[in-house]
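Student: Sequence first, predicted model second:
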Amino acid sequence: MSIFDELQQAIIDGKAPVAKEVTERALGEGVRPAELFPNAIVPAMNEVGRRMRDCEFFIPEVLIAARAARAATDILRPLLVGDEEVRSAGTVVCGTVKGDLHDIGKNIVAMMLESAGFQIVDLGVDVPPEKVVAAVREHGANVVAMSALLTTTMVNMKAVIDALAAAGLRDQVKVMVGGAPVTESWAQSIGADGYGKDASAAVETARSLVAAA
Amino acid sequence: MNGRERVIAMLQGQPPDHLPVMPITMMFASDLIGARYLDYATDFRVLAEAQMRVAEGFQFDYVSVISDPGCEAADLGASIKFFPDQPPAIDEENALLADKSKLSALEIPDPAGGGRMANRVKGARLLKEQSHGEKIVEGWIEGPCAEAADLRGINALMMDFFDDPEFIAGLFTFVLEMEVAFAKAQVDAGAELIGIGDAAASLVGPKIYQEFVWPFEKKMVDRVHALGASVRLHICGNTRQILDGIGRLGCDIVDLDWPAPVAEARAAMGPGQALLGNLDPVRDLRNGTPESVYAAAAECHRQAGPRFIVGAGCEVVRDTPPANLAALVRYGMEHQA
């Protein structure tokens, strides 16, 4: 088993200490940090996504896999500065809208986007529109991804879009929305650019939004 | 038959005069009397007035004290965020058991102790008085997985299943004892049916559900039965992977959320299980028309067969057109089991 395969397996199995150890060993053996992303971390998380889609993995398995991936990326990210081989697919500001504290869905989407090569700025839960505006401005985000689990809070997605428009940022950033009560027609009705039915769909939506920008 | 008799007939396997109608309403009921949801969730008099109004106005067969998942956690001292007009929510960033070692020091709150649990118990008592035996009164407790998630933080709990099974067992044991005590107080106050909400159980998949969650749900169902009450289990979300286990819990009513087709539940649970549901509250019930709602209810009934109770998959959304909810009820009133 190659060291890439070892890391990939550790992530899929959700074994964070192993992922850390393999990553450190790989670096010690002269593997360049940027090589570990396309050869181990990204394919591992793609496999996790596939297993989730096919109902082989559920939230606990996905979360421990994400934690294992993070154990590797926490070591690697500081070493990547200036490394041209790792290109971002885009920057996504994500969060659960104001008044809503549900974050499992948002976390899974953020993790899947990150594994797909996006830079993630996760604003957490109960996020007011002005915080989104500030983050878009600070990070030059390509996409805003907002989540809501309640019909009472999904209206705040519109408030985010309005706030981006008021700040003069609406033309610079695409907005995608998702969450249990959110539908494609709702997304359209509030002027969002995209809708993700689930985490996998969200990745495709983000990719297409960035490509179309 | 009045509503209470209708529900009891269904639960006892007798033919009711028509299908029982038991959709969950909380914010919809609160709005109906012009109350702020904060008041609905925290003042049993407001809740009782709204429940009686919605049950009588729409001819439901039951009234319920369900309001939000935070009653027990609040009485344990958890950080809860309150909003003026939407449900209180658990503040996961400051979860009560962020430090697992605090579990050993937790004590079961007194359900009569004057906190949010006591408020719910008073609600059950008032609804029992006000419904005059015409509606069945439903109490409400959290299931083991949902309450554990509220106390520990749902993200942490999901990983605890792998990291610390011993902690899970201890936490679920604590939750079981607390919830049974809470159920008992509500039964003593007049609840004849106890709803168990175990939302987080739909997230864990069949293996963890069977190994960790199911045994405690089973104990909870059995212990509520031992109190003399019937059990309605509601698990929010997609339960398709755990339908078989749910069917083996011995619940009097399995209240099915919309992602799981009724036909799958029927196939997994057999012909004897009373199934409730399961229109999509947003796409079918709120966004539909009276005609489409009626047709959707008919389809649920067709898939369920005779052991069927009319309802939505989850809470009736607050801005649901009343005519749509009336159409749902009308389906029940116009059809026999």
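Tutor: All right, it came through fine.
Student: Nearest to chain A: which residue in the stretch 101-250 of chain B?
Tutor: Nearest residue of the stretch 101-250 of chain B to chain A: residue B:205, at 3.0 Å (CB to the nearest CB). To be clear about C-beta, it is placed using only N, CA and C from the backbone, and glycine gets the same treatment.
Student: residue contacts, the nearest residue in space to that residue that is not next to it in sequence?
Tutor: Nearest non-adjacent residue to residue B:205, counting by CB to CB, 6 or more residues apart in numbering or on different chains: residue A:58, 3.0 Å away. Listed by CB atoms under 8 Å, 6 or more residues apart in numbering or on different chains, the contact partners of residue A:58 are A:52, B:203-205, B:208, B:241.
Student: next one: residue B:224
Tutor: Counting by CB under 8 Å, 6+ apart, residue B:224 has contacts B:141, B:180, B:183, B:187, B:194, B:196, B:231.
Student: switch the cut-off to 10 Å
Tutor: Going by CB atoms under 10 Å, 6 or more residues apart in numbering or on different chains, residue B:224 touches B:139, B:141, B:179-180, B:183-184, B:186-187, B:191, B:193-196, B:230-231, B:251-252.
Student: Return the two entries of the contacts of residue A:58 that lie farthest from one another.
Tutor: The most widely separated members of these, counting by CB to CB, are A:52 and B:208 (14.2 Å).
Student: ok so, going back, pLDDT value on the residue nearest to residue B:205, please?
Tutor: According to the prediction, residue A:58 has pLDDT 95.
Student: Ok, residue A:78 next?
Tutor: 85.
Student: and it, how many neighbours does it have?
Tutor: Residues lying near residue A:78 (other CB atoms under 10 Å in any protein chain shown) number 9.
Student: cool, and residue B:302?
Tutor: 11.
Student: doesn't residue B:308 make contact with it?
Tutor: Yes: shown here, residue B:302 and residue B:308 form a contact pair, counting by CB atoms under 10 Å, at 9.3 Å.
Student: List the residues that contact the closest residue to residue B:54 other than its chain neighbours.
Tutor: Closest residue to residue B:54 apart from its sequence neighbours, by CB to CB, 6+ apart: residue B:29 at 4.1 Å. Counting by CB under 10 Å, 6+ apart, residue B:29 makes contact with B:35, B:37, B:40, B:46-47, B:49-55, B:57-58, B:60, B:63-64, B:67, B:315-316, B:318.
Student: Is it correct that residue B:29 falls within a strand?
Tutor: No: read with DSSP: H, G, I helix; E, B strand; the rest coil, residue B:29 is helix and lies in no strand.
Student: Give the rounded mean pLDDT of stretch B:189-203.
Tutor: For stretch B:189-203, mean pLDDT is 97.
Student: Close to chain A: what parts of the stretch 201-337 of chain B are there?
Tutor: B:202-209, B:212, B:236-238, B:240-242, B:257-259, B:280-283, B:286-287, B:314-315, B:317-320 (CB under 10 Å from any CB of the partner chain).
Student: Derive a ChimeraX selection command for the buried subset of those residues.
Tutor: Here is the ChimeraX command that picks out the buried ones among these, judged by 16 or more other CB atoms under 10 Å in any protein chain shown:
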select /B:202,203,204,205,206,208,209,212,236,237,238,241,242,257,258,259,280,281,282,283,286,287,314,315,317,318,320
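Student: can I get the CA coordinates of stretch A:53-63 in PDB?
Tutor: Only the C-alpha atoms of stretch A:53-63 are listed here, as PDB (Å, rounded to 0.1, in the frame of the first residue of the first chain):
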ATOM      1  CA  ARG A  53     -24.900   9.300  -1.300                       C
ATOM      2  CA  ASP A  54     -25.300   5.500  -1.500                       C
ATOM      3  CA  CYS A  55     -26.300   5.200   2.200                       C
ATOM      4  CA  GLU A  56     -23.200   3.300   3.200                       C
ATOM      5  CA  PHE A  57     -22.100   6.200   5.400                       C
ATOM      6  CA  PHE A  58     -24.200   8.400   7.600                       C
ATOM      7  CA  ILE A  59     -23.500  11.500   9.600                       C
ATOM      8  CA  PRO A  60     -21.200  10.000  12.300                       C
ATOM      9  CA  GLU A  61     -19.000   8.300   9.700                       C
ATOM     10  CA  VAL A  62     -18.800  11.500   7.600                       C
ATOM     11  CA  LEU A  63     -17.900  13.600  10.600                       C
END
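Student: Can you list the buried residues in that stretch?
Tutor: For stretch A:53-63, the neighbour count (16+ other CB under 10 Å) marks A:57-63 as buried.
Student: Can you tell me which of these is closest to chain B?
Tutor: residue A:58 (3.0 Å).
Student: Return the residues in contact with residue 105.
Tutor: This is for chain A. With CB under 10 Å, 6+ apart, residue A:105 has these contacts: A:59, A:96, A:147-149, A:178-180, A:196, A:198-199, A:202, B:203.
Student: okay, those residues in CSV with distance to residue A:121 and secondary structure next?
Tutor: Shown next, in CSV, are the contacts of residue A:105 (distance: CB to CB, whole Å; DSSP: H, G, I helix; E, B strand; the rest coil):
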residue, distance to residue A:121, secondary structure
A:59, 23, helix
A:96, 14, strand
A:147, 14, strand
A:148, 18, coil
A:149, 21, coil
A:178, 17, strand
A:179, 19, coil
A:180, 23, coil
A:196, 17, coil
A:198, 22, coil
A:199, 18, helix
A:202, 15, helix
B:203, 25, helix
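Student: how about those in TSV, adding distance to residue B:76?
Tutor: Formatted as TSV, those follow (distance: CB to CB, whole Å):
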residue	distance to residue B:76
A:59	24
A:96	24
A:147	28
A:148	27
A:149	23
A:178	32
A:179	28
A:180	27
A:196	36
A:198	34
A:199	32
A:202	35
B:203	22
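Student: Which one (most neighbours) among these?
Tutor: The most crowded member of the contacts of residue A:105, judged by other CB under 10 Å, is residue A:147 (31 neighbours).
Student: which residues of the stretch 101-250 of chain B fall in strands?
Tutor: Ranges of strands within the stretch 101-250 of chain B are B:136-142, B:193-197, B:230-235, based on DSSP state E, counting those that start in this stretch.
Student: Report the secondary structure state of the residue nearest to the spatial centre of chain A.
Tutor: In chain A, the residue lying closest to the centroid (CA atoms, centre = their mean) is residue A:110, at 2.4 Å. At residue A:110 the chain is in helix, as set by three-state DSSP.
Student: Contact partners for it?
Tutor: A:66, A:92, A:94-95, A:103, A:118, A:120-122, A:145, A:147, A:199, A:202.
Student: Which ones among those residues map onto strands?
Tutor: Residues of those located in strands (DSSP state E): A:92, A:94-95, A:118, A:120-122, A:145, A:147.
Student: Pick out whichever of those sits closest to residue B:111.
Tutor: Nearest to residue B:111, judged by CB to CB, of those is residue A:147 at 34.6 Å.
Student: Find the nearest non-adjacent residue to that closest one, please.
Tutor: Residue A:147's closest residue in space is residue A:106 (CB to CB, 6+ apart), at 4.0 Å.
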